[in-house]
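Next one to model:
(2 chains)
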Amino acid sequence: MEKRVLFRSKWLPWVLIAPQLLVIGIFFFWPAGQAVLQSFQMEDAFGMSTEWVGLDNFRNLFADPTYLNSFKRTAMFSVLVAGAGIAISLVLAIFADRIVRFAMVYKTLLIVPYAVAPVIAGVLWVFLFSPSIGVVTYYLGKLGYNWNHMMNDNQAMALIVMASVWKQISYNFLFFLAGLQSIPKALIEAASIDGASPWRRFWNIQLPLLSPTTFFLLVINIVYAFFDTFGIIDAATQGGPGQSTSILVYKVYQDGFKALDLGGSAAQSVILMLIVIVLTVVQFRYVEKKVQY
Amino acid sequence: MHFKRLVIAAGIAATTSLSAHAVTEIQWWHSMTAVNNEWVNDLAKEFNDSQKEYKVVPTFKGVYDESMTAAIAAFRSGNAPHILQVFEVGTATMMASKGATVPVGKVMSDAGVSFDPKAYIPAVAGYYTAPNGQMLSFPFNSSTTIFYYNKDAFKKAGLDAEKAPTTWPEVFAAAKKLKESGHSCPMTLAWQGWTQLESFSTWHNVEFASEQNGLSANGYKARLKLNSPLHVKHIDNLAAAAKAGEFVYKGRASTAQASFTAGECAMIQTSSGFYGDVAKNAKFAYGLAPLPYYPDVKGAPQNTVIGGASLWVMSGKKAEEYKGVAKFFEFLSQTKVQAASHQRTGYLPVTMAAYDLTEKSGFYQKNPGTDTAVTQMIRKVTDNSRGIRLGNYVQIRTIEDEELEQVWAGKKTGKEALDSIVSRGNELLARFEKSYKP
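Numbers count the residues shown, from 1 in each chain, chains lettered A, B, ... in the order given. As a prediction, this is how the structure comes out:
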């Protein structure tokens, strides 16, 4: 007996998929196409005159050593954000999964940061760590540690990583929690009866079964670090001190939205788009092999 | 969620358009926050109450660069406001975008409202005037950089609180004493590019950029010159002070200002438009003074450079609406309105008449130092000191911040940083020249 469901109609699948295609077309392919088009142009801010400049915008970028430096910084930033974000939220999800009393309260509290806008998140962390008025700065000072992220590169980087991770934990947490709860209880119970310790149960049963979730979150978190963090950076460090926290997407935002250099900014976003496409391909081609579905 | 917002927005739109039947609405997008926001709202209210035909609606659209971006996006989709407040750094961009704006002179003459550009302080009018002599935007909140100090802190450090330091050596000496008296932040700076490079150049009558700092008829060909020995010496001096903890860097743009009003930093150089904030919030005796200078530099002090913003009129509106804009500008041009604004905010009195009126009223005697900004601006103006108007300047300001921060952190020398600003900035100026159509 044929088990698969077969749609005999030729047009029904297209109709069903059409809304999704339409949304992707309007909200992704159209703007992406415009960015590609603009990256070959030089335009004044108001769009009164547009000039075709070929690859000039790209040539300018790659002749700029500060732009090239930004690649290394972005790589470090996204590894830190994705790594720390995934690790911390996994730990939190495991704890939340075991808690019996007040579970709802803990879960809700953990999800709250996701509702905070990136800029607000940046501002909150700046208040905590402000060199003049920050509470944390004050106590760090008492411990003999001088915090001033306006002057110190590493502290500035640490600050935006903390803020970005904090904001993304909720999202990761939700997926991990759902993943943990979908693991059949019978497997864990069987392991317990066989005398497996909690650590062993986690390492040999839960973690492997969570690997699809972890992989999905890895992709999402890298994309998040690449694209969604400029609000945090703008509020917290504005790319400084020097350029130590000016990651690729922040420069796109700064040149495009603040300085109105549309061509240059479009060229940067095209490069960024290519990087993320390559990263995603690599992840699916190589990392995915380690994932067990 | 989005749908809900849409409904609310539609509701607001419906109510506003109902009230628009009787009067012509003039949309005014601005970037004034806190005490200056109250000032802008009061101006609009006063004008609206003074007549029945027009209604000016001021809207805060974010800080300067945000409101400009918002207006450009709105312009491209055909919903630009009538009046847009643009900071001085955006002037070159606005001027280069011919057709997006209507020159103020034309708005006024079309509406039959008399308007005399000569009434304005030359350094102000000159900045917003095209090489052909036409005034392009309406001078509104022009500011300049001045020096603020905390008199209580000065007293505590054994310094003469009634006499502000006038030269840089005196400033550094005062900072040293403040540090010794236990003050954790003797001096800080806001808008470091503007105060320490731009104003510093005009104040000492040294060239900041070629082509008269971009103001000549060939201004689009300008290139940076801010790595002269004097510039290098000054930045190195500041770096030494930073190392000694006598100058404390508090971040970009106006971030540092809060540490002055809070009493943490004893001296700050920033916009004269900061006065309203200080007057309202400072819990200590404060003094206002001209920027310090190096006494060994010939021609110093000259005058400081203009900052703040002006009002641009966007194109593509109805004649009736332009008439309203002209009427509103006529209202703003009144000497008593300008004098009151100047006294309230610390922004320059943009006309000489407003300055005279303020002087006659005894305001400067009662509030010593409030005339600093004006007296700094109305000195003799040279080609080096008329102002600075360069393309892609928002990006260049960022470069200035990035490079100077590395000096304060001890990672670059003054010379290395300034050379780097010149070479990186000149690349942006070359691009501006390429895209510019005279």
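
C-alpha only now, for contacts and for neighbours.
Fine.

Quick check: the gap between residue B:315 and residue B:321.
11 Å (C-alpha to C-alpha, to the nearest Å).

where does the residue in the stretch 101-250 of chain B that chain A sits nearest to land in three-state SS?
With C-alpha to the nearest C-alpha, the shortest gap between the stretch 101-250 of chain B and chain A falls at residue B:250, namely 6.6 Å. What DSSP: H, G, I helix; E, B strand; the rest coil gives for residue B:250 is coil.

Now it: closest residue in space, sequence neighbours ignored.
residue B:256 (4.9 Å; C-alpha to C-alpha, 6 or more residues apart in numbering or on different chains).

Work out which residue lies at the spatial centre of the chain.
This is for chain A. Chain A has residue A:224 as the residue nearest its centroid, 1.7 Å off, counting by C-alpha atoms, centre = their mean.

nope, chain B please
Closest-to-mean residue, chain B, C-alpha atoms, centre = their mean: residue B:308 / 2.0 Å.

any weak-confidence spans in chain A?
Scanning chain A for pLDDT under 70 picks out A:1-4, A:7, A:293.

What parts of it come near chain B?
Residues of chain A lying near chain B by C-alpha under 8 Å from any C-alpha of the partner chain: A:42-48, A:51, A:131-132, A:150-152, A:240-243, A:255, A:257-261.

Which of these fall in helices?
Applying DSSP state H to the residues of chain A next to chain B, no entry is found in helices.

Helix, strand or coil: sort out residue 75 for me.
Defaulting to chain A. Secondary structure, three-state DSSP: residue A:75 is helix.

returning to that earlier point: which among the residues of chain A next to chain B end up buried?
Neighbour counting by 16 or more other C-alpha atoms under 10 Å in any protein chain shown classes A:42-46, A:131-132, A:150-152, A:240-243, A:255, A:257-261 among those as buried.

re earlier: touching, the residue of the stretch 101-250 of chain B closest to chain A and residue B:189? I think so.
Yes: checked against C-alpha atoms under 8 Å, the pair residue B:250 and residue B:189 is within contact range at 7.5 Å.

what touches both of the two?
Both residue B:250 and residue B:189 are in contact with residue B:256, where contact means C-alpha atoms under 8 Å, 6 or more residues apart in numbering or on different chains.

Assign a three-state SS to residue B:307, would you?
strand.

looking at the sheet around it, what are its partners?
Counting by DSSP bridges, residue B:307 is bridged to residue B:143.

Return the per-residue confidence for it.
Here, the pLDDT recorded for residue B:307 equals 87.

which ones are touching it?
Going by C-alpha under 8 Å, 6+ apart, residue B:307 touches B:87, B:88, B:142, B:143, B:144, B:145, B:271.

Wait, the fourth one touches residue B:273, no?
Yes: the criterion here is C-alpha under 8 Å, and residue B:143 meets it with residue B:273 at 5.9 Å.

Comparing the two, which shows the higher neighbour count?
Neighbours per residue (other C-alpha atoms under 10 Å in any protein chain shown) separate residue B:143 from residue B:273, with residue B:143 holding more: 29 against 24.

State the distance from that one to residue B:419.
28 Å.

again with residue B:345
Distance of residue B:345 to residue B:419, computed by C-alpha to C-alpha: 37 Å.

Just want to know which of those two has more residues nearby.
The residue with more neighbours, out of residue B:345 and residue B:419, is residue B:345; 23 against 19, by other C-alpha under 10 Å.

tell me the contacts of the more buried one?
Applying C-alpha under 8 Å, 6+ apart, one finds that residue B:345 lies in contact with B:36, B:39, B:273, B:274, B:275, B:276.

and the gap between it and chain A?
With distances taken as C-alpha to the nearest C-alpha, to the nearest Å, residue B:345 is found 26 Å from chain A.

just residue B:399 next, same as before
For residue B:399, the distance to chain A - C-alpha to the nearest C-alpha - is 9 Å.

who touches that residue in this structure?
The contact partners of residue B:399, taken as C-alpha under 8 Å, 6+ apart, are B:421, B:424, B:425.

can we see that at 7 Å?
By C-alpha atoms under 7 Å, 6 or more residues apart in numbering or on different chains, residue B:399 lies in contact with residue B:421.

Could you do residue B:25 as well?
B:54, B:55, B:56, B:57.

residue ranges with poor pLDDT in the stretch 301-438 of chain B?
Across the stretch 301-438 of chain B (using pLDDT under 70), the flagged ranges come out as B:379, B:437-438.

Contact residues of it facing chain A?
B:392, B:394, B:395, B:402, B:403, B:405, B:406, B:409, B:435 (C-alpha under 7 Å from any C-alpha of the partner chain).

Out of the residues you listed, give me the one that has the most neighbours.
Neighbour tally across these (other C-alpha under 10 Å): the maximum, 26 neighbours, falls on residue B:405.
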